[in-house]
Structures are given as C-alpha cells and as structure tokens.
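> I'll drop the sequence and a predicted model, then ask my questions.
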Amino acid sequence: MPNELSYTIEEVSQLLKVSKLTLYDLVKKGEIPVFRVGRQMRIDAKDLDVFIHKHKTNQNTAFPTAAAAPQRKPKDSQQIVISGQDLVLDILGKHIEKNSAYKALRSFTGSLNSLISMYHGEGDIVSLHLFDGDTGQYNLPYIKKILVGYPYILLHLLSRKAGFYVQKGNPLNLTSWADLKRDDVTIVNREKGSGARILLDEQLRINEIPSRSIKGYDHEETNHLSVASAVSTGIVDAGVGIEKAAKIVGIDFVPLMTEQYDLVILKTPKTERLIHTVQDVLSSEQFQSEVNSLGDYDTSQIGKILYETY
C-alpha cells in the first residue's frame, strides 16, 4: 500500500474483518500507531503494513481476538475507550483527561454492539440507550442479560428526546410509529446494534407492525447525522434519531420518547480509579455546565447510580 494512504478505524476493521473495538484495544496497547484529524483517528497505511507483516511472520504472536481480550496485562497504558456517538461523550473524554492520567479514545460503535464487545473484554466506558419493549425500561434489561458473570456499575448520564426526523413543516404529518407503514412514507434506518435501530424494532414489535411493511427499512446509515441528512436532502421522508441531530442539520423533529442515556463500566481492581474519575467528572459543575450549554438534554439525574453489582 502506498505510504501516503491512511485509513479510518472503520475502514481498517473492514479490511481486517475484526470489530472496531478490537482495533481500539490494539491502539490502546500501542500495537498500531494512529494520528488524529480533528476528532477522527486515522491509521497510516505503512503502519498497517508493518502490523500485518509482524503478525504474519511471528508465529508466537497471536492476533488479539475478543476471546483473548480479557487477559490483558496489568501494564496496559492509561488509554481508555469511550463508545457512543453523542457529543456529550467528547466533553466527558476531555474532562477525564483533564482530571486524570487517562487518555480518552472515542469509538462510535452502537450501544448493543459495544455492550457485547464489553462482555468480550473490549471497551472501558460504554454509553447505552437501549429500549426494552417488554418492560418499558432502558438499558438495564440488556445489561443483565449480556454482562452475565461480570460486576459492573450503571451511571445515569442524561435524558434526551428520541423520535422522527422529518422534512421542514412535517409535510406527511407523521406523528406515530404506525405512520411508518404508510405507502407514501420511505425511511432510512440505522445499523443493527444501534440504540435507534433497537428503539424502532421494539416499537414495531410491540405495535405488531411487520418490518417488511416499512419502505426503506433495509436502507441503513451508521450515525444520527447521516440519517438526518438523508431526510434533509429529500432522499427519504423520515428516520429515527435524537433531537440534537435534527437541529444541527436543520430539519423538523417529532418527539416520541424520552430516552435514558447511561454509562456502564465493569468493576475490577483495575477500573476502580476510572469509576471514581468518571463519578467526579459527572458531579462537577463545569462538566454539567458544558453539557447544559448544548441544550436539549435533561441532566437533573446526572451521575446517579442506577444499578451496581457487588
């Protein structure tokens, strides 16, 4: 590969056929160098070639897998991975770095996929907004089923509105989940494992709406802004996401849910200091002020311990 080429984490994960969180774990260990362009991490093609060559020729060096990840050595660097897409997580990472020796890396992987990766030993702080249609609760029903055998702490970050992205003026008058099955409505969906996708799928299930009846259901985008932009340009009529992205793109928003956005961290001797650091940041006036300045968030319960295993 030419030396001047570079790749995003997502592109490398597709090339190597591994999860993005596996790559973040390699970056944390210093096995693959990265450089930053704004908020985005990139990997130089030359460095990727070196990594691949090393693992081709050194038969004693196994490529890290999800199953092997829990055996990481205590001498790991102080880098941590925060998963999720909300802008608040960037502020969280900045304050963690400011108040500790940790270096925060950002993964933009969806909630469910990040939670599964945490079970396999990848990821340090996982943000969640996973709606459970049977209980009407967010996050904890999924955590209890997935993080079986692990001690963890669940901290509330904020609440925010979720609903439909629609074109200016809501010309199709979309007001409920049932409206999505109309013949004159085409949507764009989120990728499997994302919180927005799970919200849609759970609402279709409890409202007994077959996904095959939704035009555009199989058309996927990987983030809130891409979905909102597709609506803005008229490619589709609607999408499911959060209020903040609609305002950034400049389209209308139909609120349908108040969703709970939380943080889960595994409880181990190694993460004890990280948990205290995160709790200190969440309770700090400066952090809360920055989050509230963004608007559209309810931080009245920020930092509350929602669940903790012992």
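Yep, it's here.

> wait, Lys267 touches Leu274, no?
No - between Lys267 and Leu274 there is no contact under C-beta atoms under 8 Å: 10.0 Å. Yep, even glycine has a C-beta here, placed from its N, CA and C like the rest.

> neighbour-wise, which of those two wins?
More crowded of Lys267 and Leu274, by other C-beta atoms under 10 Å: Leu274, with 20 against 16.

> who's in contact with the more buried one?
Taking C-beta atoms under 8 Å, 6 or more residues apart in numbering, we find Leu274 in contact with Ile80, Tyr102, Asp124, Ile125, Ile265.

> how close does it get to Gln78?
Distance, Leu274 to Gln78, by C-beta to C-beta, to the nearest Å: 9 Å.

> now list whatever residues contact both of those two.
By C-beta under 8 Å, 6+ apart, Leu274 and Gln78 have these common neighbours: Tyr102.

> pLDDT weak spots in the stretch 101-250 of the chain?
For the stretch 101-250 of the chain, no stretch has pLDDT under 70.

> which residue ranges of it form helices?
Ranges of helices in the stretch 101-250 of the chain, per DSSP state H, counting those that start in this stretch, are 111-119, 140-146, 195-206, 224-232, 243-249.

> among those helices, which is nearest Val166?
helix 224-232 (6.5 Å; C-beta to C-beta).

> so what touches that closest one?
Contacts of helix 224-232 (C-beta under 8 Å, 6+ apart): 85, 165-167, 188, 190, 196, 221, 236-242, 244-246, 248-251.

> contacting residues for the closest residue to Ser159 other than its chain neighbours?
Leaving aside its chain neighbours, Ser159 sits nearest to Asp298 (4.1 Å; criterion: C-beta to C-beta, 6 or more residues apart in numbering). Neighbour list for Asp298: Leu158, Ser159, Arg160, Thr258 [criterion: C-beta under 8 Å, 6+ apart].

> center of the protein, which residue is that?
Gly84 (2.2 Å; C-alpha atoms, centre = their mean).
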